[in-house]
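[1] Test case, fold it:
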Amino acid sequence: MFENYEEYLNRTNQEDNRTAWKWWKIEVCGMSEKEAIKASITEYKSINFK
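    Modelled structure (predicted):
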């Protein structure tokens, strides 16, 4: 099972931002860097604005 984004932020001691989200997609979800960059532009939403 994948580690969710909030768990990833806690484990890596990162702030919620587009760069952290991109690296979560790469490291946890297995996306290529190119795919993750594209997705961060179109899909990223801050967890503070759920």
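
[2] so where does Ala39 fall, helix or strand?
    Element membership for Ala39 (DSSP states H and E) is helix 33-42.

[3] buried ones in that helix?
    For helix 33-42, burial by neighbour count (16 or more other CB atoms under 10 Å) applies to 36, 40. Backbone N, C-alpha and C define where each C-beta goes, glycine included.

[4] now swap in stretch 12-27 and tell me
    By neighbour count with 16+ other CB under 10 Å, stretch 12-27 contains the buried residues 20-25.

[5] rewinding a little: show me what the helix holding Ala39 is packed up against.
    When contacts are defined as 3 or more CB pairs under 8 Å, 6 or more residues apart in numbering; DSSP states H and E, helix 33-42 sits against helix 18-27.

[6] Dump the helix it packs on to CSV, restricted to CA.
    Provided in CSV are the C-alpha atoms of helix 18-27 (Å, rounded to 0.1, in the frame of the first residue of the first chain):
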residue,chain,number,x,y,z
ARG,A,18,4.5,21.6,-5.1
THR,A,19,8.1,20.3,-5.0
ALA,A,20,7.4,18.0,-2.1
TRP,A,21,4.3,16.7,-3.9
LYS,A,22,6.4,16.1,-7.0
TRP,A,23,9.0,14.1,-5.1
TRP,A,24,6.2,12.1,-3.3
LYS,A,25,4.9,11.1,-6.8
ILE,A,26,8.3,10.1,-7.9
GLU,A,27,9.5,8.2,-4.7
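
[7] And the contacts of that helix?
    5, 8-9, 12, 14, 31-33, 35-37, 39-40, 44 (CB atoms under 8 Å, 6 or more residues apart in numbering).
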